[in-house]
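> got a predicted model here, sequence first, then my questions.
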Amino acid sequence: MKNILLIGTSMIDQVFSSNEILPNQCNKGKITIGHGGSIHNVSYNLACLDLSPIFITKLGQDALAQEIQDSLSLQGVEVHPLFIDKTTPIFQSIHASNTQFFLSSITPDFLFHDDDEVDLSLFRDSYVITDQRDEKFLFKCMINSFSAEWIISGFIPKKSLLEYVTGIVLNEDEFDSEAVDFSTGLKWIIVTRHDGATLLTNNGKVFIPCDNIDTINTLGAGDAFLSGLIYGLLRNLTLIDCIGIAHRASAIILLTPSATNPDLKDLTHLY
């Protein structure tokens, strides 16, 4: 079985939910506080699925950063942090009256750049999953990880990088059909939307629907989808079956008031 290496950001999640918005008044509701960041969530989810993910992330120099690292380590994630002299960023989500607002205090310091040094030995014989967009950083890592299979989340890289990429997962707002080029060696793209996901390959496309459920929260649903997909890939299932698992994982988060849920572990009894 391949290793799983993830590269991304970590932060504190604060989710405020209320039934309605009352202008010029104190809005009362429920606040859920946890740890977040898209690839952070995927790392946590994969550990819930009884896997042993390796997570390269940037952490600040404060107690919240230590809390994030300790929590991931306790869950079973092997964390390789790069420490920077900053405070831990906060992501805030406000849900009320069918409206969502998102705020973040993250700065470019917490993103990965060309001058960041990472342990390239960790990339050997791994699925490498990232949403980082710095082309020079990605190229440096890709050319030194020939045995790795790269999965990109959230965007389609430029053609110069696509030859190193196995698959891409993004939502319909992030998808750009003109950027797709399967002649580079790219094997598949999965485009998600509220009613299912479309699998695109060099042979065409197929739509795999998901169940229609009443959602509590959409934050983290895409991360859970990616986690379920990787779980299936590690078990050498077909991409269509992998997407089926991904839909199940996403549904668990859609019924959860936060971006992660240890109940994802229940999926391990099905496959």
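Arrived safely, thanks for sending.
> for residue 244, phi and psi?
As for residue 244, its main-chain torsions (degrees, to the nearest 10) stand at phi -60, psi -40.
> touching, residue 220 and residue 264? I think so.
No. Assessed by Cβ atoms under 8 Å, residue 220 is found out of contact with residue 264, at 10.6 Å. C-beta coordinates here come from the backbone N, C-alpha and C atoms, glycine included.
> what score does the nearest residue to residue 217 once chain neighbours are set aside have for pLDDT?
Leaving aside its chain neighbours, residue 217 sits nearest to residue 257 (5.5 Å; criterion: Cβ to Cβ, 6 or more residues apart in numbering). Looking at residue 257, its pLDDT is 70.
> residue 257: neighbour count?
Using other Cβ atoms under 10 Å, residue 257 is surrounded by 15 other residues.
> distance of it relative to residue 161?
Relative to residue 161, residue 257 is positioned 37 Å away (Cβ to Cβ, to the nearest Å).
> for the stretch 1-150 of the chain, which segments are assigned as strands?
Using DSSP state E, counting those that start in this stretch, the strands of the stretch 1-150 of the chain run over 3-9, 11-18, 30-36, 54-59, 78-83, 90-96, 99-104, 126-130, 149-153.
> what's opposite residue 81 in the beta bridge?
For residue 81, the beta-bridge partners under DSSP bridges are residue 57.
> I'd say it and residue 59 touch.
Yes. Counting by Cβ under 8 Å, residue 59 is a contact partner of residue 81 at 4.5 Å.
> more neighbours: which of residue 220 and residue 264?
Shown here are residue 220 and residue 264; by other Cβ under 10 Å, residue 220 has more neighbours (28 against 24).
> leaving out the residues flanking it, which one is nearest to the more buried one?
Residue 220's closest residue in space is residue 259 (Cβ to Cβ, 6+ apart), at 2.9 Å.
> let me know the secondary structure of that neighbour.
Secondary structure for residue 259, judged by DSSP: H, G, I helix; E, B strand; the rest coil, is coil.
> what is the neighbour count of it?
Residue 259: 28 neighbours (other Cβ under 10 Å).
> check contacts around it.
Counting by Cβ atoms under 8 Å, 6 or more residues apart in numbering, residue 259 touches 13, 15, 34, 36, 41, 217, 219-220, 223, 253.
> now residue 116
Applying Cβ under 8 Å, 6+ apart, the residues near residue 116 are 82, 137.
> helices of the stretch 101-250 of the chain, residue ranges please.
Ranges of helices within the stretch 101-250 of the chain are 135-142, 159-162, 221-234, 239-254, based on DSSP state H, counting those that start in this stretch.
> which one, of these, ends up nearest to residue 55?
helix 221-234 (12.6 Å; Cβ to Cβ).
> alright, I will stop here.
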